[in-house]
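Q: sequence first, then the predicted structure:
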Amino acid sequence: MSVPTISLHDFDVRRQEIINELMDASMNVGFFTLSNHGIPLEDVQAAFDLSRDFFALPDEVKSKTPLNGKNAGWEKNTQVRPSTGTADQKESMQLQFARMDGLWPSDEDIPAFRAIAEKFMHQVRDLSVKVMECFAEGLGLPLDTFTQGTVDPGVGDSQDVLRLLHYHSTEGKTFGPNFWRAGAHADFDVLTMLFQRDGEGGLEVCPGRKVVGDFGMGQEWLPVEARLDRIVCNIGDQLMRWSDDRLKSTYHRVRLPEGEERRGPRYSIAFFNQARTDSIIQGPQKKYPPITGGQFIADAMAKNRMQSAEIAKLAAKESAEEVASRIHFVPQHLQAAA
Ligand SMILES: O=C(O)CCC(=O)C(=O)O
Ligand SMILES: [Fe+2]
């Protein structure tokens, strides 16, 4: 199995063919990469330049816009994944269309940050809407089923997030067996679009996992090539539930450099398309009870915090693999039902 690449060239005339490819990838792998996606390379580069300039600021400056409880703001070395119990070796800055009061870095600290970031967010959102409409069509649902919740970003209850990520250089550092740039997890959004820079690899995918698994431990992990001109996409838990589990939300992780690999920093940028707080998530076959986008995220974050605290305690004593093999992990919507 491999992560398929889907070209979006001549989108309008090739629409049906593209829908078929997207559905196939999402039902079987949960991940795919997009080529010829229409976002100019120089705009992707500009977003990475902005990210590099922001993370180069002193921590005292970045901490003027700290992470709040709603996935906006800056954090460093604080994200503990339930799969590992250790903090991801990274810092990140999360940006949204709404709910950003006091969280945009000032023009004195970093010129035009908001303007550049928002331009890119709109470009990625517009492309995401195109892809999510394809999913709706592929599932035989009204075209706006998944995008209703993610359009109109000015409305105040958009939960979409652009996350700038900076994984620290590992030059001269050694780590225990249980440390990751990003520990194994599934995303809890509708659709994630991830940008990477050439050669800054490490992202691995556990393809086509069954609905229930233990963080993908012991299964096959596929590397995803890092290329500036491609967008890595994956299905999140919200779309899995919204499609009655037909489209798969898949585990993925970012490993630390190994052996002779370059040990420099890694930058990536993820855009998480989320259901809006008041949209109702329920599949056509009503496999699961309805839930609002707001409640879904609140539940997911609470569960995550609880599991992370639990596993951090255990992981202090045992290896991650032993711990993960004992914790029965299921996607967010199945957890809520359990
Ligand atoms: O940086 C990456 O390649 C992946 C990041 C990721 O999976 C996430 O932030 O959810
Ligand atoms: Fe992720």
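A: Yep, that arrived. Numbering: from 1, shown residues only. Ligands and ions are numbered 1, 2, ... in the order given.
Q: only C-alpha atoms for contact and neighbour calcs from this point on.
A: Will do.
Q: which positions in the protein make contact with ligand 1?
A: Within the chain, the positions adjacent to ligand 1 are Asp187, Leu203, Val254, Ser268 by C-alpha under 6 Å from any ligand atom.
Q: got the contact list for the third one?
A: If I follow you right, that is Val254. Shown in contact with Val254 (C-alpha atoms under 8 Å, 6 or more residues apart in numbering): Trp180, Arg181, Ala182, Gly183, Ala184, Gly202, Leu203, Glu204.
Q: ok, now the first one?
A: By C-alpha under 8 Å, 6+ apart, the contact set of Asp187 is Ile235, Gly236, Asp237, Ser249, Thr250, Tyr251.
Q: so the fourth one makes contact with Val190?
A: So the one you mean is Ser249. No. Assessed by C-alpha atoms under 8 Å, Ser249 is found out of contact with Val190, at 9.0 Å.
Q: the two: which has the busier surroundings?
A: Ser249 (33 against 27; other C-alpha atoms under 10 Å).
Q: quick check: phi and psi at that one.
A: With angles defined as degrees, to the nearest 10, Ser249 sits at phi -90, psi 120.
Q: that one bridge partners, please.
A: Ile235 (DSSP bridges).
Q: about what we covered before: how about the residues of the chain next to ligand 1 in CSV, adding distance to Phe48, secondary structure and pLDDT?
A: Below are these laid out as CSV (distance: C-alpha to C-alpha, whole Å; DSSP: H, G, I helix; E, B strand; the rest coil; pLDDT from 0 to 100):
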residue, distance to Phe48, secondary structure, pLDDT
Asp187, 22, coil, 94
Leu203, 17, strand, 97
Val254, 18, strand, 96
Ser268, 8, strand, 98
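Q: in the lengthiest helix in the chain, which residues are buried?
A: Secondary structure assigned by DSSP state H gives helix 113-138 as the longest helix of the chain. Neighbour counts over helix 113-138 (16 or more other C-alpha atoms under 10 Å) mark 113-114, 117-118, 120-121, 124-125, 128-129, 131-138 as buried.
Q: any chance you could map the strands in the stretch 51-200 of the chain?
A: 73-76, 90-95, 161-167, 182-185, 191-196 (DSSP state E, counting those that start in this stretch).
Q: alright, that wraps it up for me.
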